[in-house]
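>>> With the sequence up front, the predicted model follows.
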Amino acid sequence: MIEKRKVASSLRTEGFISRKFLMPLIALAIVSVGALWIASLLNDEEEKVLQEKYYTAKKADFLVTVKLTGTLVATDVVTLKSELEGETTIQSIVDEGTEVKGNTIYETKAGDTIKSIADKQKKNSLSIQLLNKELDLDWGDLPVGQEIEIPGDLLVELDPLRLRERINTQDIAVQRAENTLNRAKGDLATLTLSTALAMKVAENSLQNAEMDQEKTQNSTVKNYVQNLEGMIANFEKDVTLAEKNLKAYTKLKELGFVSEVEVLREESSKAKTLHNIEMAKVDLDAYRKYDRVSLLSLKQLAVDEASVNIEKTKVKNKADLSDANSTVYTSEKTLELEKEKLDDLREQMANTKIYAPQSGTVVYWSEHRYGRGEPIINGAQVHRGRNLIKLPKSKSLKVEISVPQAKRSQLKKDMRAWVQVEDITLPGTLSLLGTNVDNNQRGHSDKSYFKGEIALDESNGLPSDVAEGMKVTVEIQVINLVGENQRVRVPNQCVTTRMITEDHSQRGCWVLDPKTEKHVWRPITIEYSDETFIAIKEESDPDLGLREGELVHLSPLSEAKNLNLEEGVVNKGVLDLKKNISTPEKEKSASSDKRNDKEKDSVTGGV
């Protein structure tokens, strides 16, 4: 019994000693395991922190695309708009989606008139005339067998306002203009006859004056001179006879046969005859010196006056005819103007009814999102030029897109694209890329957009679920960097712009230097980019670009010192604005400064 107790006591003593040494060992093991676990956690956390803070640069396949949205539109469409002047109201419009028929051809028959054709076809006569205006037909006498176009189904009817009253008023104005023209033509015809008669009278007066001058010179003057010369000759003969008679009577007196009275009578006859001779000679001499010259001068003056009168008549006739022709011309132009106004009003009346020019499905025109026009419905107010209806010529569709200025440089014509409509994806090609800013797309923002179009490869065999006007998602393939064309790519957030100097900026990334464990600035060149990644251009210079395996800082804003965070012009130091100032501007500026100095001096002196 005592031995058993000793053995038990000895065992308890050994167990106590064993537990005394075992507990520290267990504790040490627990601490070691905990330390290892904590170290592992710290390493995992540090690796996690590195992964969250840095991106490992590496080459990878990179499909560079530009993602946009667009709208399906018909490739070949006729747009119908309001051609009515001013603003009017839609009285009626065909329902959207209605299948309509376009223009038809009608061959005229005997007895057809524009009214009978319009009544038979149930169309507006003015619309028929307007549609066939190029044929230049006489609608009052239509030839048999003439083919004319008849408008298609009525699509829109607009309120004509006061057009009927204006047409009637203008028709009266045309009639008045025609009467004025006829009166002017009659006056011109009468004046033409009067001027011709006046010219004949003037020419006849000249002819008579010339004949009278010739008669005076060759007959009247000559006869008068000859008459005086003959009288002188006769008087001289009478003197000779009187002398002989005087001698004879003198002898007879001496013989006593006659009285002295007879002798005196003969002496008196001789003296009178001699006096008549002297007077006739004086008269002849005066006639030759004065009367003849005066008479011929008067006749020449009459001829000159008749000649001048002809010229005056010519000038007057020309002026009168010019006035009359001007009146006729003015009346013709007035009539043309009045007719044009009447035709315009009739055309306006015809424009109150819009017919389908071709067969198709009616699609209401939808204004741009920034447009202020009313929706196309009955009673809507529309102005001239407002698009109302689209009639697609076929079911072929394309996609209209607006390319932001920032993405314009990446795109080129003929690039391939994917177009997604609901759950349907269609291939296409960038067929149009505008070179000018589309101001219609600017809206209320300051962003600039360029017009673009995507031509669908299967535009004629589209599913029935695809229709015009649907919104689509477009992704245009810029380039597919695969295989040997791979580039080092990093997330967009890794790239920033840094101010190197006050006026020079540089684009790059912050790269972790494994030796110094500090961030090093690395200039880079962006070759391609999309909404997520940026492809970096390969560089031979080790201080430029990125290499695979390098750690690129994901939060470059933490290195905010000298970052270009302002929306200012970068690289201003490259340009010297002073070099662009021309010499005349400098001289002008200098002269302006001098004038200002003088003005200051004068003001100072005045004070």
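Looks like it came in fine.
>>> Show me this structure divided up by domain.
Domains of the chain are assigned by automatic domain parsing as 1-40, 209-346, 394-482, 487-575.
>>> Asp119 is nearest to which of those?
Within those, the stretch nearest Asp119 is domain 209-346; the backing value is 18.0 Å (C-beta to C-beta). Backbone N, C-alpha and C define where each C-beta goes, glycine included.
>>> Turn the domains of the chain into JSON lines, columns for mean pLDDT and distance to Val201.
Shown next, in JSON lines, are those (pLDDT from 0 to 100; distance: least, C-beta to C-beta, whole Å):
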{"stretch": "domain 1-40", "mean pLDDT": "56", "distance to Val201": "137"}
{"stretch": "domain 209-346", "mean pLDDT": "88", "distance to Val201": "8"}
{"stretch": "domain 394-482", "mean pLDDT": "84", "distance to Val201": "74"}
{"stretch": "domain 487-575", "mean pLDDT": "81", "distance to Val201": "88"}
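>>> Serialize these to JSON lines and add fields for mean neighbour count and distance to Glu85.
Shown next, in JSON lines, are the domains of the chain (neighbours: other C-beta atoms under 10 Å; distance: least, C-beta to C-beta, whole Å):
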{"stretch": "domain 1-40", "mean neighbour count": "9", "distance to Glu85": "86"}
{"stretch": "domain 209-346", "mean neighbour count": "15", "distance to Glu85": "9"}
{"stretch": "domain 394-482", "mean neighbour count": "16", "distance to Glu85": "24"}
{"stretch": "domain 487-575", "mean neighbour count": "15", "distance to Glu85": "47"}
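>>> The stretch 301-450 of the chain: strands as residue ranges?
Assigned by DSSP state E, counting those that start in this stretch, the strands in the stretch 301-450 of the chain fall at 353-355, 360-361, 363-364, 381-383, 387-392, 397-404, 416-421, 424-437, 449-456.
>>> Now distance to Gln486 too, for those strands, in JSON lines please.
Converted to JSON lines, the strands of the stretch 301-450 of the chain look like this (distance: least, C-beta to C-beta, whole Å):
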{"stretch": "strand 353-355", "distance to Gln486": "59"}
{"stretch": "strand 360-361", "distance to Gln486": "49"}
{"stretch": "strand 363-364", "distance to Gln486": "47"}
{"stretch": "strand 381-383", "distance to Gln486": "57"}
{"stretch": "strand 387-392", "distance to Gln486": "45"}
{"stretch": "strand 397-404", "distance to Gln486": "27"}
{"stretch": "strand 416-421", "distance to Gln486": "20"}
{"stretch": "strand 424-437", "distance to Gln486": "25"}
{"stretch": "strand 449-456", "distance to Gln486": "28"}
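>>> These: which one's closest to Ser205?
strand 353-355 (68.9 Å).
>>> contacting residues around that closest one?
80, 82, 103, 123-124, 127, 151-158, 388-389 (C-beta atoms under 8 Å, 6 or more residues apart in numbering).
>>> can you rerun that using 10 Å?
By C-beta atoms under 10 Å, 6 or more residues apart in numbering, the residues outside strand 353-355 that reach it are 80-84, 90-94, 100-103, 123-124, 126-128, 131, 150-158, 160, 388-389.
>>> Show me those residues that map onto helices.
Among the contacts of strand 353-355, the members found in helices (DSSP state H) are 126-128, 131.
>>> can you dump the C-alpha coordinates of stretch 211-226 into PDB?
Only the C-alpha atoms of stretch 211-226 are listed here, as PDB (Å, rounded to 0.1, in the frame of the first residue of the first chain):
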ATOM      1  CA  MET A 211     -36.300 123.600-156.100                       C
ATOM      2  CA  ASP A 212     -37.300 127.200-155.200                       C
ATOM      3  CA  GLN A 213     -33.600 128.000-154.600                       C
ATOM      4  CA  GLU A 214     -32.700 126.400-157.900                       C
ATOM      5  CA  LYS A 215     -35.500 128.300-159.700                       C
ATOM      6  CA  THR A 216     -34.500 131.600-158.200                       C
ATOM      7  CA  GLN A 217     -30.900 131.100-159.100                       C
ATOM      8  CA  ASN A 218     -31.400 129.700-162.600                       C
ATOM      9  CA  SER A 219     -34.600 131.400-163.600                       C
ATOM     10  CA  THR A 220     -35.900 134.300-161.500                       C
ATOM     11  CA  VAL A 221     -32.600 136.200-161.100                       C
ATOM     12  CA  LYS A 222     -31.500 135.500-164.600                       C
ATOM     13  CA  ASN A 223     -34.800 136.600-166.200                       C
ATOM     14  CA  TYR A 224     -34.900 139.700-164.100                       C
ATOM     15  CA  VAL A 225     -31.400 140.700-165.200                       C
ATOM     16  CA  GLN A 226     -32.200 139.800-168.800                       C
END
